[in-house]
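Chemist: Sequence and predicted model, in that order:
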Amino acid sequence: MLLFSSRQTFAQFTSGGQLKREQEIMDIRHYTIALDVNISEHFISGYATIDFNLLQPTHVLLFDLLDSFHIKSITVNNKKQSFNYKNNLITINLANELPAGKAAVTVVYEGKPHTAVRPPWDDGFTWTKDSLGNPWVAVTAEASGGKLFFPCKDHPSDEPNEGAELIITVPKGLVVAGPGLLKKTTTKKDKATYDWNTNYTINNYSILFNIGKYKVVSRDYTTVNGNKVPMQFYVLEEHADKAEHHLDVLEQFVRVREKYFGEYPWAKEKIGIVETPHLGMEHQTMNAYGNQFRYTKIGGKDYDWLMNHEFGHEWWGNKVTVKDWADYWIHEGIGSFGDALYVRDMEGEDAYINFFKQRAFFENKKPIVQGKDLDEESAYIGDIYSKGSFFMHTLRFVIGDSIFFPTLKQFVTSANFTYDNFVTTGDVEQFFSKNSGIDLQPLFNLFLRTTNRLEIHVQRAPKDTFEIKLDNLEMTIPLQITTDKGTQTIMVGKKPISVASTSLPIVDPNMYYFERIVIE
Ligand SMILES: [Zn+2]
C-alpha cells in the first residue's frame, strides 16, 4: 500500500490480530469464489468454497465475513450444516464431530458489499464510471482483509497454499481483471464469466477483481533467470494509446527490482497491472494502478512513483509475507527501501544518499514494531515506511555493502522466508546477524522496538581533540566523522574514541543514523 498517514479506518474492517482459537486448527489450502456482480444494484451473489486441512477434530468451524450479506446455505463436505452469522463471523455448529484431515466448506451468499470510503486505505467496493460512461468497479481489501466480500480465515499467517480461483460474472462487454492466469471466458445471453486462477500462495487482500471496459495490452518479459512471463496491462480503452510506453516504464522497474531481489516471484503466471479509479495497490500479479500516467524523471527516464512502489511489494509483501501485522514494516519499509535502490541504480550513490536525507523525518510516536498479535489498523503508522526504509539504510551502512546486498537477496530468495513460509522481524534480525557475524539485536531493538534516537556524545578534550562515544547502544558501529582533515569512518561504541580536529567535528554528515548528537 502507499503511504497515507491520516487515513481513517473502522475497527470492524481490520484484519489479523490475535488468531482465534477455532481458526488455529485450520490450514487453508484453497479458495474458490464464484460471484455474479450486479453493477446497477451494487450487489453480488454466488458462493465461496474453502478447502482446508483440519489439524484436529472439531465441533465448531469459524470463518470471517462482514455481516452485510445474507447467507443462504452452508455445507461442510457436501452436508448442510446450521450456523450463526453475526459480528462479522460465521460460526458453523457441526451436527457431528468433523475429523482431522481435508475438508471443504461451501457458503452460498449474496448482498451488498461495503462501499469503499477512501480506497485503497479505507477498503471496499468502488462503483464508478470511466469518462466514457462505462461501468468501472474496483475492490481493495488490505486493511479489511478478504472478509470484505468472501468467507475466509482472515489472518495474515494463513494463505491458501494451493492458490485461489475467482469466477466472476459481469454484463457482456465488460472485462474482469484478476490474479494468476485467465483460464477461460464464457458468455451466456447478456453475461460474461471470467475464470481467473492462481496456483501460487496468495494473501487474502490480493484475492479480488476489477471490472471495466478494459483493453489488454501484452508483451513478453524475460526474467533475470531467462523465463518468459506475459506482461499484461488491463487498461481502460480510452487510455489504450498510453499502454505501450507505460509497460516500458514498468519493465525498467521490474529489471531493477530483479537485480537486487532476484527473479520476479510469479514467473509461472504473469506480470499484471490494471487501471483503477483509486491510486493503487499491490495486488499479486494484477497490481492496481490509478496514478493516471503522471510521470516524473529519474535517471532521465519516465518514473511513476506509485507503480514503482506497488510493484516492489511483489517481493516484499506478496512473496515475503509477515505472519503478524506487527511486522508490517517488512512489507512497507523494505519495500520502500527498494524505491531508494531504484534511485541508486538510475542516478548513483549520491542521489540515493540525498533520497534518505530528504526523508529522515519521522512521526516517532510509536515504535515501528509495537509488540505482537496486532491487527492491520493498529500496526499501520507512517513510520513503517519512512523509518522502516531508513533503518535498512542504516543497516546497510553498519554491515557494509559486501554483506548487506547478498544477504538481502538471499533473504528474499530463500525458501525459508518466502511463499508458504511467513516471516517476523526476528527472522530478519537473525539472518542479518548470522551473515554479518555481528549481533545486530541492539540495533534492531533501538530503531525498531523503541522510539529512542541513537545518542552520540561529543566532548571537547585538551589539545584540539574530541572524545566521541555512544550513550545508548550496546555495540560498536561505523560512524563518519568530518574534521578539518576530511571525512573518515571510525568504529565507535560506548567507550570514547579520540578524534583530533581544530574545529568541531561533524558527526554522521551523510545521515546514516536516526540520532541525537550531544555536544559538550
Ligand atoms: Zn506499500
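Modeler: Yes, it's here.

Chemist: Can you tell me the SS state at the closest residue to the ion within the stretch 401-520 of the chain?
Modeler: Nearest residue of the stretch 401-520 of the chain to the ion, counting by Cβ to the ion: residue 412, 15.6 Å away. No exception for glycine: its C-beta is placed from N, CA and C like everyone else's. Secondary structure, DSSP: H, G, I helix; E, B strand; the rest coil: residue 412 is helix.

Chemist: and the residue lying closest to it once chain neighbours are set aside, how many neighbours?
Modeler: Counting by Cβ to Cβ, 6 or more residues apart in numbering, residue 412 lies nearest to residue 261, which is 4.7 Å off, once chain neighbours are set aside. Residues near residue 261, counting by other Cβ atoms under 10 Å, number 24.

Chemist: what are the phi and psi values for residue 261?
Modeler: The phi/psi pair for residue 261 (degrees, to the nearest 10) reads phi -120, psi 0.

Chemist: Run through the residues that contact it.
Modeler: Counting by Cβ atoms under 8 Å, 6 or more residues apart in numbering, residue 261 touches 315, 316, 338, 408, 409, 412, 413.

Chemist: could those go into CSV alongside neighbour count, secondary structure and pLDDT?
Modeler: Output for the contacts of residue 261, formatted as CSV (neighbours: other Cβ atoms under 10 Å; DSSP: H, G, I helix; E, B strand; the rest coil; pLDDT from 0 to 100):
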residue, neighbour count, secondary structure, pLDDT
315, 24, coil, 98
316, 24, strand, 98
338, 25, helix, 98
408, 24, helix, 98
409, 14, helix, 98
412, 21, helix, 98
413, 16, helix, 98
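
Chemist: Could you check the pLDDT of the residue of the chain most remote from its centre?
Modeler: Most distant from the centre of the chain: residue 463, at 53.7 Å, with distances by Cα atoms, centre = their mean. At residue 463, the predicted lDDT confidence score is 93.

Chemist: Kindly report the same for residue 113.
Modeler: pLDDT at residue 113 comes out at 97.

Chemist: What's the end-to-end length of stretch 358-371?
Modeler: 29 Å (Cα to Cα, to the nearest Å).

Chemist: same deal with stretch 363-370?
Modeler: First-to-last residue span, stretch 363-370, Cα to Cα: 14 Å.

Chemist: before we move on, what about stretch 235-245?
Modeler: One end of stretch 235-245 to the other measures 12 Å (Cα to Cα).

Chemist: Figure out how far that stretch is from the centre of its chain.
Modeler: Computed by Cα atoms, centre = their mean, to the nearest Å, the chain-centroid distance of stretch 235-245 equals 26 Å.

Chemist: List the contacts of that stretch.
Modeler: Contacts of stretch 235-245 (Cβ under 8 Å, 6+ apart): 130-132, 134, 136, 212-217, 233, 246, 275, 293, 302.

Chemist: which one of those residues is nearest the ion?
Modeler: If you rank these by distance to the ion using Cβ to the ion, residue 275 comes first, at 18.6 Å.

Chemist: give me the beta-bridge partners of that closest one?
Modeler: Residues in a beta bridge with residue 275, per DSSP bridges, are residue 289.

Chemist: Let me know the pLDDT of the residue nearest to residue 412.
Modeler: pLDDT recorded at residue 261 is 98.

Chemist: With residue 9 instead?
Modeler: 56.

Chemist: List the contacts of the residue of the stretch 401-520 of the chain closest to the ion.
Modeler: The neighbourhood of residue 412, defined by Cβ under 8 Å, 6+ apart, consists of 261, 262, 315, 316, 319, 320, 418.

Chemist: redo that, cut-off 7 Å
Modeler: Shown in contact with residue 412 (Cβ atoms under 7 Å, 6 or more residues apart in numbering): 261, 262, 315, 319, 320, 418.

Chemist: Could you pull out the helices in the stretch 201-350 of the chain for me?
Modeler: For the stretch 201-350 of the chain, applying DSSP state H, counting those that start in this stretch gives helices covering 243-261, 305-312, 329-347, 349-357.

Chemist: Can I get the ones you listed in CSV including distance to the ion?
Modeler: Formatted as CSV, the helices of the stretch 201-350 of the chain follow (distance: least, Cβ to the ion, whole Å):
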stretch, distance to the ion
helix 243-261, 14
helix 305-312, 6
helix 329-347, 5
helix 349-357, 16
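
Chemist: near the ion, which residues of the stretch 301-450 of the chain show up?
Modeler: Proximity of the stretch 301-450 of the chain to the ion is confined to residue 332 under the rule Cβ under 5 Å from the ion.

Chemist: which residues in the stretch 301-450 of the chain form strands?
Modeler: 301-303 (DSSP state E, counting those that start in this stretch).

Chemist: isn't residue 105 right up against residue 50?
Modeler: Yes. Between residue 105 and residue 50 a contact is recorded at 4.8 Å, counting by Cβ atoms under 7 Å.

Chemist: Disregarding flanking residues, what is the spatial nearest neighbour of residue 207?
Modeler: residue 164 (4.8 Å).

Chemist: Can you get me a residue count around the one you found?
Modeler: 30.

Chemist: returning to that earlier point: the residue farthest from the centre of the chain: what secondary structure?
Modeler: coil.

Chemist: go on, residue 52?
Modeler: Using three-state DSSP, the structure places residue 52 in strand.

Chemist: ok, it - contacts?
Modeler: Residue 52 touches 26, 27, 28, 29, 103, counting by Cβ under 7 Å, 6+ apart.

Chemist: State the distance from the second one to residue 53.
Modeler: Just to be clear, that refers to residue 27. Separation of residue 27 from residue 53 (Cβ to Cβ, to the nearest Å): 4 Å.

Chemist: Mind listing residues that contact the helix or strand of the chain with the lowest mean pLDDT?
Modeler: When each helix and strand of the chain is scored by mean pLDDT, DSSP states H and E, helix 376-379 comes last, with a mean of 93. Contacts of helix 376-379 with the rest of the structure, by Cβ under 7 Å, 6+ apart, involve 9, 11, 14, 15, 16, 142, 143, 325, 326, 328, 370.

Chemist: For these, give me TSV that also has neighbour count.
Modeler: Shown next, in TSV, are the contacts of helix 376-379 (neighbours: other Cβ atoms under 10 Å):
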residue	neighbour count
9	19
11	8
14	21
15	25
16	24
142	24
143	26
325	25
326	22
328	27
370	16
